[in-house]
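Q: Could you work out the structure for the sequence below:
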Amino acid sequence: MRRLAATLVVGAALALTGGVRSVAAQEPDGATVYQENCRKCHGATGTPSARIAGMYPEMKPLSELSGVSADSIVKVLTNGAGDMKSFKDKLSAAEMQAVAKYVLTLGKKES
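A: Next up, the predicted model:
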């Protein structure tokens, strides 16, 4: 009987812990999603390479997006803009939001 009770307690603890982990796992990491989907054109740190900048002269470093909201960035990711294609079929809404928040950190200077 004691063994059954201990098993139930451990099982309940694992179930609760697993539930917490699954919520945390659902929150995408903006930096990782950016590196996998945006780096090719926008560069690892938000500044396009000389080759890409030459191909797309209208592309500005992402660090110059001061005053732009995360929602505005999500809108561009969803609809595309200029030569940039839409990512609505490739990224989830949560991934786009995470990327937008990450992009806004690229222009912040370290203290």
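Q: what's around Gln97, how many residues?
A: 20 (other CB atoms under 10 Å). (C-beta placed from N, C-alpha, C; glycine too.)
Q: For it, which non-adjacent residue is closest in space?
A: Val74 (6.0 Å; CB to CB, 6 or more residues apart in numbering).
Q: can you pull out the strands in the chain?
A: Remark: no strands are assigned in the chain by DSSP state E.
Q: Return the residues in contact with Asp71.
A: By CB atoms under 8 Å, 6 or more residues apart in numbering, the contact list for Asp71 reads Ala100.
Q: still on that earlier bit, mind listing what the residue nearest to Gln97 touches?
A: 93, 96-97, 100.
Q: roughly how far apart are it and Ala50?
A: Remark: distance between Val74 and Ala50 (CB to CB, to the nearest Å) = 29 Å.
Q: likewise Lys101?
A: 28 Å.
Q: Nearest residue to Ala70 in space, please, no chain neighbours.
A: Nearest residue to Ala70 in three dimensions, chain neighbours excluded: Ala100, at 4.0 Å (CB to CB, 6+ apart).
Q: Next: Gln35.
A: Nearest residue to Gln35, sequence neighbours excluded (CB to CB, 6+ apart): Ala44, at 7.0 Å.
Q: The one you found and Ala31 touch, don't they?
A: No. Applying CB atoms under 8 Å as the test, Ala44 and Ala31 come out as separate, 10.1 Å apart.
Q: These two - which one has more neighbours?
A: Per other CB under 10 Å, whichever of Ala44 and Ala31 has more neighbours is Ala31, with 15 against 11.
Q: what residues are up against the closest residue in space to that one that isn't next to it in sequence?
A: Leaving aside its chain neighbours, Ala31 sits nearest to Tyr102 (5.2 Å; criterion: CB to CB, 6+ apart). Applying CB under 8 Å, 6+ apart, one finds that Tyr102 lies in contact with 30-31, 33-34.
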